[in-house]
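Asks: task: produce atomic coordinates for the following.
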Amino acid sequence: MQSSIGIGISLPKNLMQKIDIDRGDIPRSRYVLRILEKQYTFDGKKVIERGSLDRRIENLQSSETLSQ
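Replies: Residues are numbered from 1 along each chain as shown. From the prediction side, this is the model:
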């Protein structure tokens, strides 16, 4: 049984450009998933648990510096 559902969404071009700049070399879908996971928390605990796909790329980091 699959633990995730693939979806397609449309976003404004200017928002996509900002996401692409901020995410660096992290896959776009993974970056957006992390934003959503941070948004959907309850008392500091994640409501949505990380899936197996996230574990495969946990060590990837953006080439961009975080202190922009």
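Asks: could you use CA atoms for every contact and neighbour count after this?
Replies: OK.
Asks: where do the strands sit along the chain?
Replies: Per DSSP state E, the chain carries strands over the ranges 41-42, 45-46.
Asks: average pLDDT across the first one?
Replies: Meaning strand 41-42. Model confidence over strand 41-42 averages 72 on the pLDDT scale.
Asks: over to stretch 8-23?
Replies: Per-residue scores along stretch 8-23 average to 95.
Asks: dump it to PDB, restricted to CA.
Replies: C-alpha atoms of stretch 8-23 as PDB (Å, rounded to 0.1, in the frame of the first residue of the first chain):
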ATOM      1  CA  GLY A   8      -0.400  18.300  -9.400                       C
ATOM      2  CA  ILE A   9      -0.900  21.900  -8.400                       C
ATOM      3  CA  SER A  10      -0.600  25.200 -10.200                       C
ATOM      4  CA  LEU A  11       1.300  28.100  -8.600                       C
ATOM      5  CA  PRO A  12       2.000  31.600  -9.700                       C
ATOM      6  CA  LYS A  13       5.300  32.000 -11.700                       C
ATOM      7  CA  ASN A  14       6.700  34.500  -9.200                       C
ATOM      8  CA  LEU A  15       6.100  32.000  -6.300                       C
ATOM      9  CA  MET A  16       7.700  29.200  -8.200                       C
ATOM     10  CA  GLN A  17      10.800  31.400  -8.900                       C
ATOM     11  CA  LYS A  18      11.200  32.100  -5.200                       C
ATOM     12  CA  ILE A  19      10.800  28.400  -4.300                       C
ATOM     13  CA  ASP A  20      13.400  27.500  -7.000                       C
ATOM     14  CA  ILE A  21      15.900  30.000  -5.600                       C
ATOM     15  CA  ASP A  22      15.400  29.000  -2.000                       C
ATOM     16  CA  ARG A  23      15.500  25.200  -2.500                       C
END
